[in-house]
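Student: based on what follows, work out the 3D shape:
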Amino acid sequence: VHSLLLGHGQLNWVTRGTYLGYNRNYFVPHFDDVFLPDDRWDVDDNTTYEDGGATNPLIRMTADDVGRAVDWSTSNGMLMDFVFNGAGSIEAIDAFGGDPLTDALLSERDAFRWINHTYEHLNLDAVGEAVIIAEIEANLDFAAANRIPIDPTELVTGEHSGLHNEPGISGALSKTGIEWIAADNSREPVPYGIGPASTIPRYPSNLYYNIGTREELLDEYNFIYFENCDPANPPPLTTCLTQPATWEQLVDSEADIMLPHLITNDPRPHYFHQSNLAEDGTFYLVVDEVLDRYRRYFKVDLVQPAFAESGRILQRAAAWNAAKDGVTAYYEAGRLYLSAPNEISAPVTGLPGGDLFGGERSGWVDIGPRGVVIDLDGFVWPPSPGSSAVVESRISASGDDVEEWGGGWLALYSSDLELVEESTVQTIGLRFPGLAIPQGATITAAWVQFTVDEPTGRTTVLEVAGHDVGDAPPFSGDGDVSSRPVTPV
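Tutor: Modelled structure (predicted):
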């Protein structure tokens, strides 16, 4: 860890803060099986009975657990992504005439981000295309009926199943508009295409799906790594222990594993389960130690891209890594000169007008055979009296470009923007945080550039207005775009 902590500072010192690279610290926790119950580890028999709770009580969050999650998210300034199965809610309501967990989750729907986990959590390895489509669409219908804001292009299948079930999976993803699908990083760490979609690897952990208490976690952990582990022939990716671990050793080991993921420019999410938020809250017991260690070394907040945005970050990095060998870059007299044999987007730290992170500005620059010259020392911001400067900023967070439907419902994480007709005529909100424009500056011109996603032959007339406030807050609840005071159109 110490080499990782020192490496960035050394690079910054040697290059005087200007180099090819774009570094962020990421942590995105996913919680699978939300609304569903999970089976429980049997500490006496060292197994998990998948019998619907006949042997051991199932593990399922309660309404109080939702409140605890909201409190943790708020106090830590951390988003939590709930990967949900709508059937769990419907089954509980049908069985008991109501479901306090569903009521609590829906009342706090805007406190979390949501991802489609299929409706019933079926194993998709050997089912047909029609079943896969039904599982995806039924969960989308559940989300729409309950006003759960989701990005319909994102999908996490149960147990990461079905990814190689061809041709059914490719056809189903194409017909349902899925562009991003989760994979298990321990098995498939490199993103790959499935029909129209790309996989996004997610980090697993030793916080298992079938544990609700600290005792159960430690018991299963020691069974896997000590009691049932043969040092001469260990299971794949497993290092056997020479003696049972204590609780403190388990937490220390998990923190040692997770922390490097946070500080190595890696946007892959970490996945846990709803059971880890229930009962003893094993997620908090372990991850709080991870965050304590992070904050011991870093003052900068962790970046938490939405699932689709994580995929785009991985794709851009992969494209850069594949083409960077032919790139030429050098610094001379306050200017950075860049060129490449082919058109490519290059990451630059020390970029004037780039996004600010940890005291550095960085961004992506399109370069090619003709070359690009970036004025570094000559750029002064804020400008001196009588001078001028151009500031450019690209929206990078999914929650900063939103759609508000005619009834006021706010879609925070849509994969694109309809200007302005979708199922209703909608109002679009765009937010550009962190623009370094000093008070009293005169803005002589402003523009917004869009990239066409689905061209049509219709003429579009848009009215554009600004939020009449000095520092626009993030978009949040329903009606939050149309209710804001605006500048004259």
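Student: mind checking the end-to-end distance for stretch 187-206?
Tutor: Taking Cα to Cα, to the nearest Å, stretch 187-206 runs 15 Å from one end to the other.
Student: stretch 117-126 now?
Tutor: Note: stretch 117-126 ends 17 Å apart using Cα to Cα.
Student: what about the helices in the protein?
Tutor: For the chain, the helices defined by DSSP state H cover 2-15, 63-76, 86-96, 100-107, 129-145, 168-176, 214-222, 247-262, 282-297, 307-323.
Student: could you dump those helices to CSV with distance to residue 207?
Tutor: Any C-beta I mention is one placed from the backbone N, CA and C, and that applies to glycine too. Formatted as CSV, the helices of the chain follow (distance: least, Cβ to Cβ, whole Å):
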stretch, distance to residue 207
helix 2-15, 23
helix 63-76, 15
helix 86-96, 20
helix 100-107, 20
helix 129-145, 24
helix 168-176, 28
helix 214-222, 7
helix 247-262, 7
helix 282-297, 5
helix 307-323, 20
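Student: so which of those helices comes closest to residue 366?
Tutor: helix 307-323 (11.7 Å; Cβ to Cβ).
Student: and the closest one, what does it pack onto?
Tutor: Contact partners of helix 307-323 among helices and strands, from 3 or more Cβ pairs under 8 Å, 6 or more residues apart in numbering; DSSP states H and E: strand 180-184, strand 197-202, strand 344-349.
Student: for residue 364, grab the count of nearby residues.
Tutor: Residue 364 has 18 neighbouring residues, counting by other Cβ atoms under 10 Å.
Student: start at 441, not 1
Tutor: Taking 441 as the first residue, the last one we looked at is residue 804.
Student: so for it, what's the pLDDT?
Tutor: Note on residue 804: pLDDT of 91.
Student: check residue 890 too.
Tutor: Note on residue 890: pLDDT of 82.
Student: same check on residue 456?
Tutor: Reported pLDDT for residue 456: 77.
Student: residues in contact with the closest residue to it other than its chain neighbours?
Tutor: Distances taken as Cβ to Cβ, 6 or more residues apart in numbering place residue 790 nearest to residue 456, at 7.9 Å, with adjacent residues excluded. Applying Cβ atoms under 8 Å, 6 or more residues apart in numbering to residue 790 gives the contacts 455, 456, 457, 458, 459, 776, 800, 801, 802, 816.
Student: against residue 723, how distant is the second one?
Tutor: Taking Cβ to Cβ, to the nearest Å as the measure, residue 456 and residue 723 are separated by 41 Å.
Student: okay, these two: which has more neighbours?
Tutor: Taking neighbours as other Cβ under 10 Å, residue 456 and residue 723 compare with residue 723 leading, 23 against 10.
Student: so what's that one up against?
Tutor: The contact partners of residue 723, by Cβ under 8 Å, 6+ apart, come to 469, 471, 647, 712, 716, 717.
Student: let's see if you can find the most crowded of those residues.
Tutor: Counting neighbours by other Cβ under 10 Å, the top entry in those is residue 716, with 30 neighbours.
Student: list the contacts of it.
Tutor: Shown in contact with residue 716 (Cβ under 8 Å, 6+ apart): 471, 647, 651, 722, 723.
Student: and residue 676, how many residues sit next to it?
Tutor: Neighbours around residue 676, by other Cβ under 10 Å: 6.
Student: what is the neighbour count of the closest residue to residue 870 other than its chain neighbours?
Tutor: In space, residue 870 comes closest to residue 841 once its chain neighbours are excluded; the distance is 5.3 Å by Cβ to Cβ, 6+ apart. Neighbourhood size, residue 841 [other Cβ under 10 Å]: 20.
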